[in-house]
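Q: Show me how the following folds:
(one chain, ligands or ions: 1)
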Amino acid sequence: MSRSSAHSSAAQPMSAAKSGLLSGRLRVPGDKSISHRSLLIGALAVGRTEIEGLLEGEDVIATAKAVRAMGASVVREAEGRWRVNGLGVGTLLAPREMLDFGNAGTGSRLTMGVVAGHPFEAVFDGDASLRKRPMRRILDPLVQMGAEVVEQAEGGRLPLRLRGAREVIPIAYETPVASAQVKSAVLLCGLCADGETTVIEKEATRDHTERMLAHFGAKITSEQHGEHGRRITLRGRPELMPQKIVVPSDISSAAFPMVAALIVPGSDIVLENVLLNPLRAGLVDTLREMGARIEEVSRRDDAGEVIADLRVRASSLKGADVPAARAPSMIDEYIVLAVAASFAEGETRMRGLSELRVKESDRLAATAAGLIANGVDCEIAGDDLIVRGKGRAPGGGLVKTHMDHRLAMSFLVMGLASEKPVKVDDGAFIATSFPGFVENMQRLGAEISA
Ligand code: S3P
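A: Residues are numbered from 1 along each chain as shown. Now for the predicted structure:
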């Protein structure tokens, strides 16, 4: 099994300094979750799916290459405009080369679900960060569905070789962790089963897979389960019909200019076309509870997703208690929330963050370390992160980013309002999810240098 895969580019140190007010309009790139899914589900529909606004970040490009390696044609027609000629459910081809996902957790895990439904083998690999991330949570249900893990690195990690099922067994699976990736892998494999696949989640997670499968014509239902959960049932072997998909702007990327505008005095910006799916928008609810002035300028529905332009103005923030039940709806936004909390008055307690330990880095430890390096009073208590905000942050620190794009962007945002500049050791991974971050922020007036 090949063991060659690592992000080849050299480290790119960056820094951010106190900025004058931020102003202007910004459309951040397309949603990463929806972009991965549009390529994979497009490949499983027979014929031509057209995608507008695809995120052209490294993570999504890795998924595009994997889809191509499995026989679907994937063509970039213009910036953000892509076409997938899909082969249909259960009819993809065995990839001849290793599937290298770089830094992309979502791409690799969702593709494992697709491969598990096909009677062939594929080798998955990624960079040093992805090789540390747990894959057992994905492989366990896929093995129950008939797939086999032929080879794997210690602890069920990458690189690994997965052999898909000859006959996919439809299962009812209760996810042990709140993870849209686990849910989606099971559903994507379940597409190839003769029968109904059910996923039960105690805490509802982002539902883009369900929405998109329904949009492509699959028979899929989702009902309330307990207080916060969902029970999702998919009928297998549907004929998926190719679609036109317009990818809205990623709220997880919009989060960075949003917090920047809140903490840089005098700022007033508009973030255009932001995805406000209720299972993604927990950050907006939390920031509003903290006193943020975030206004929906227009709200509309597009291909089953809720979208709005958001006007964000500099605000006096106060601390908040963020319940654990909200974590799935803002799981990628805690680092930048911790930055906002540093500039708030009073304590912010973010509860139930165990999943942050297994993201692109151990985000719980790395966030606390970054805050401390910049003179912010904070503490990890069990699975909670506590930030004691003083309305200001001294800054002046060098933040270790551990190959994690969101750590880099969050601490650059901190530097825009802190007393001394904030440096990050490596901004190269920003390109995995937010190409053009530096230029876009500079256009709003941010003092970021690469
Ligand atoms: C994602 C799900 C989340 C999130 C990730 C994208 C998805 O991961 O952190 O960035 O697109 O399904 P988990 O499912 O592991 O929580």
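Q: can we go C-alpha only for contacts and neighbour counts from here?
A: Will do.
Q: Can you show me the helices along the stretch 201-350 of the chain?
A: Along the stretch 201-350 of the chain, the stretches classed as helices by DSSP state H, counting those that start in this stretch are 208-215, 251-263, 282-289, 334-342.
Q: and the nearest residue to residue 126 once chain neighbours are set aside, what are its phi and psi?
A: In space, residue 126 comes closest to residue 102 once its chain neighbours are excluded; the distance is 4.2 Å by C-alpha to C-alpha, 6 or more residues apart in numbering. Phi and psi for residue 102, reported as degrees, to the nearest 10, are phi 60, psi -120.
Q: just the one 4 residues further on next, same as before
A: In this entry, residue 106 is assigned phi and psi values of phi -60, psi -50 (degrees, to the nearest 10).
Q: same question, residue 379
A: Dihedral angles for residue 379 - degrees, to the nearest 10 - are phi -160, psi 150.
Q: which element is the nearest residue to it once chain neighbours are set aside on?
A: Distances taken as C-alpha to C-alpha, 6+ apart place residue 386 nearest to residue 379, at 5.2 Å, with adjacent residues excluded. For residue 386, the host element (DSSP states H and E) is strand 384-390.
Q: for that strand, packing partners?
A: Under the contact criterion of 3 or more C-alpha pairs under 8 Å, 6 or more residues apart in numbering; DSSP states H and E, strand 384-390 touches helix 334-342, strand 345-350, strand 377-381.
Q: among the ones you listed, which is the most enclosed?
A: A comparison of the helices and strands packed on strand 384-390 by mean neighbour count, using mean count of other C-alpha atoms under 10 Å, puts helix 334-342 on top with a mean of 27.
Q: Next, the angle from that helix to strand 384-390.
A: 30 degrees (axes from the mean of the first three to the mean of the last three C-alpha atoms, to 10 degrees).
Q: what's helix 334-342 packed up against?
A: Checking 3+ C-alpha pairs under 8 Å, 6+ apart, helix 334-342 ends up next to helix 251-263, strand 345-350, helix 363-373, strand 384-390, helix 405-415.
Q: Any regions of the stretch 201-350 of the chain where pLDDT drops low?
A: Flagging of the stretch 201-350 of the chain using pLDDT under 70 yields the residue ranges 303.
Q: residue in it nearest to the ligand?
A: Closest residue of the stretch 201-350 of the chain to the ligand, C-alpha to the nearest ligand atom: residue 332 (5.3 Å).
Q: What degree of burial does the residue lying closest to that residue once chain neighbours are set aside show, as a neighbour count?
A: Distances taken as C-alpha to C-alpha, 6+ apart put residue 252 closest to residue 332, at 6.5 Å, once the chain neighbours are dropped. With neighbours defined by other C-alpha atoms under 10 Å, the count for residue 252 comes to 24.
Q: quick one: contacts for residue 252?
A: Contact partners of residue 252, counting by C-alpha atoms under 8 Å, 6 or more residues apart in numbering, are 31, 332-333.
Q: okay, those in JSON lines with neighbour count next?
A: Formatted as JSON lines, the contacts of residue 252 follow (neighbours: other C-alpha atoms under 10 Å):
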{"residue": "31", "neighbour count": "23"}
{"residue": "332", "neighbour count": "21"}
{"residue": "333", "neighbour count": "22"}
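Q: Of the residues you listed, which is the nearest to residue 372?
A: residue 333 (18.7 Å; C-alpha to C-alpha).
Q: got the contact list for the closest one?
A: Applying C-alpha under 8 Å, 6+ apart to residue 333 gives the contacts 252, 255, 283.
Q: Name the nearest residue to the last one, sequence neighbours excluded.
A: Translated: residue 283. Setting aside the residues directly before and after it, residue 283 is nearest to residue 330 in space (C-alpha to C-alpha, 6+ apart), at 5.6 Å.
Q: Test for you: state the pLDDT assigned to residue 2.
A: Looking at residue 2, its pLDDT is 39.
Q: At the contact with the ligand, which residues of the protein appear?
A: Within the chain, the positions adjacent to the ligand are 33, 106, 179-181, 331-332 by C-alpha under 6 Å from any ligand atom.
Q: Give the full set of residues in contact with the residue of the stretch 101-250 of the chain found nearest the ligand.
A: Nearest to the ligand in the stretch 101-250 of the chain, going by C-alpha to the nearest ligand atom, is residue 179, at a distance of 3.4 Å. Contact analysis of residue 179 by C-alpha under 8 Å, 6+ apart lists 205, 328.
Q: going forward can the numbers begin at 545, since that is how I track them
A: All right, first residue 545 from here; so that's residue 723.
Q: So residue 585, which state does it fall into?
A: helix (DSSP: H, G, I helix; E, B strand; the rest coil).
Q: need the contact list for the closest residue to it other than its chain neighbours.
A: Leaving aside its sequence neighbours, residue 585 sits nearest to residue 757 (C-alpha to C-alpha, 6+ apart; 7.3 Å). Going by C-alpha under 8 Å, 6+ apart, residue 757 touches 585, 764, 784.
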